[in-house]
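Engineer: Provided below are the primary sequence and the corresponding predicted coordinates.
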Amino acid sequence: MVEEIRVAKGLEGVIVDRTAIATTDREGNLLYRGYRVVDLAEKKDFESVAYLVFHGKLPSMDEKVQFSEFLVKNSRLDARVLEVMKLMKEPNIMNDLRSVVSLSPYSHKTNGELLMEIAAKMPSIIFHSDAAITGRKEIQVPNTTYAERFFSLLTGNADRKKAGYLEKLMIMYMEHEFNASTFALRVAASTLADPVSAVTAAISTLKGPLHGGANSEILQYLLKFRSDDEAVSFVMDKLARKEKIMGFGHRVYKIKDPRAQYVKSKLRTLREAEKFLSYAEAMENYMWEEKHIPANLDFYGALLMHTLGIEEKFYLPIFAASRVFGWSAHYMEQVSDNKIIRPQSEYTGPVGLEVP
């Protein structure tokens, strides 16, 4: 008989498995396969980091070229899927992303190639979901990086500098241990569900406002402020009413979220962000002084995307298109040494009732 172990609600502080993909070190730095993510964002492009997360090592030049070519070659959507998207005209891009990932036909059969094909198609799904509503046309930007192509799909502009900022943010979003969406994917994978089903489970979980959905709300309140004092008053009122302030707090980072601080450092180099960055820092400083709760990546990520001219409706889909590479690595890791994830619960309902 297996000994019962009682754990904290939400599995807080509970180690449920081992992983070689990502962790945080003693100094609070997020590591991908042993490398500090801020160093990777400074020195490597998105394709190289995605390859690292999925394959466990940095690519050679030939490996990166082949990987990049695979992502380009497999980015297009089936014509029948495009017709369905046009008929659906789903206003919520995350709903479309979840549905289209699930219904798309894929050409690859092995788990690894299928996962990368799903990842390759995500930017196109996001674009065509929006295009079905807005009618805008895709601009062709040949011989560009993954981030440059994605930025052009999101904004209709081919701006290499701004795409570089997006690339760094996407690297920050790519992977983060056993977060809710990754754990949902691993639960699905542990049943030996196929990669499409597991990624669909992850997308559905990411959609929740307590996981990936926070960045939209953050932008809504940041853009309303006209001074640092207004920003601080907003925080004071929220705290007085004991309401959660989106963009603050993280189960892993109790002092500083290094990803948030890195993105903030990039915002300081953008003149267009100066006013709103001041409001954001006023909020961050007050929250830390009063509650010792740090700002998280979503807080400054939302502001960066706004500064780059990316519309709010794309924020969560961008998160998904980045995190899918981490999800893919976790799928492969789970099935390589698998045991079905099936915890127990403590029953608190009635017993012994008689059927009338």
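Structural biologist: Good, I have the coordinates.
Engineer: helices along the stretch 1-150 of the chain, start to end?
Structural biologist: Ranges of helices within the stretch 1-150 of the chain are 37-43, 46-55, 61-73, 79-88, 93-103, 111-134, 146-155, based on DSSP state H, counting those that start in this stretch.
Engineer: what's the answer for the stretch 251-356 of the chain, then?
Structural biologist: So, for the stretch 251-356 of the chain - with DSSP H, counting those that start in this stretch - the helices run 258-267, 274-291, 297-307, 315-336.
Engineer: closest to Pro142 out of these?
Structural biologist: Among the helices of the stretch 251-356 of the chain, the nearest to Pro142 by Cβ to Cβ is helix 315-336 (20.3 Å). In this view, the C-beta of every residue, glycine as well, is placed from N, C-alpha and C.
Engineer: what angle separates the closest one from helix 146-155?
Structural biologist: Angle between the axes of helix 315-336 and helix 146-155 is 140 degrees (criterion: axes from the mean of the first three to the mean of the last three Cα atoms, to 10 degrees).
Engineer: only alpha carbons, please: show helix 315-336 as CSV.
Structural biologist: The C-alpha trace of helix 315-336 is given here as CSV (Å, rounded to 0.1, in the frame of the first residue of the first chain):
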residue,chain,number,x,y,z
TYR,A,315,-0.1,39.6,-25.8
LEU,A,316,-1.3,36.2,-24.5
PRO,A,317,-0.9,34.5,-28.0
ILE,A,318,2.7,35.8,-28.1
PHE,A,319,3.2,34.1,-24.7
ALA,A,320,1.8,30.8,-26.1
ALA,A,321,4.0,31.0,-29.3
SER,A,322,7.0,31.4,-27.1
ARG,A,323,6.2,28.8,-24.4
VAL,A,324,5.3,26.1,-26.9
PHE,A,325,9.0,25.3,-27.2
GLY,A,326,9.2,24.8,-23.5
TRP,A,327,6.0,22.7,-23.6
SER,A,328,7.5,20.6,-26.3
ALA,A,329,10.7,19.9,-24.3
HIS,A,330,8.6,18.8,-21.4
TYR,A,331,6.4,16.5,-23.5
MET,A,332,9.5,14.7,-24.7
GLU,A,333,11.0,14.6,-21.2
GLN,A,334,7.7,13.2,-19.7
VAL,A,335,7.3,10.4,-22.1
SER,A,336,10.9,9.4,-22.0
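Engineer: where in the protein is the helix or strand with the lowest mean pLDDT?
Structural biologist: helix 214-222 (a mean of 78; mean pLDDT, DSSP states H and E).
Engineer: in PDB, list the C-alpha atoms belonging to the helix or strand that that one is followed by.
Structural biologist: Proceeding N to C from helix 214-222, the next assigned helix or strand is helix 228-240, under DSSP states H and E. Listed next in PDB are the C-alpha coordinates belonging to helix 228-240 (Å, rounded to 0.1, in the frame of the first residue of the first chain):
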ATOM      1  CA  ASP A 228       3.200  58.600 -10.500                       C
ATOM      2  CA  ASP A 229       0.800  59.600  -7.700                       C
ATOM      3  CA  GLU A 230      -2.200  58.200  -9.600                       C
ATOM      4  CA  ALA A 231      -0.300  54.900 -10.100                       C
ATOM      5  CA  VAL A 232       0.500  54.700  -6.300                       C
ATOM      6  CA  SER A 233      -3.100  55.600  -5.400                       C
ATOM      7  CA  PHE A 234      -4.300  52.800  -7.500                       C
ATOM      8  CA  VAL A 235      -2.100  50.300  -5.700                       C
ATOM      9  CA  MET A 236      -3.200  51.700  -2.300                       C
ATOM     10  CA  ASP A 237      -6.800  51.400  -3.100                       C
ATOM     11  CA  LYS A 238      -6.400  47.800  -4.400                       C
ATOM     12  CA  LEU A 239      -4.500  46.800  -1.200                       C
ATOM     13  CA  ALA A 240      -7.100  48.500   1.000                       C
END
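Engineer: buried set for helix 228-240?
Structural biologist: Of the residues in helix 228-240, those with enough neighbours to count as buried (16 or more other Cβ atoms under 10 Å) are Asp228, Ala231, Val232, Phe234, Val235, Lys238.
Engineer: good, we can wrap up now.
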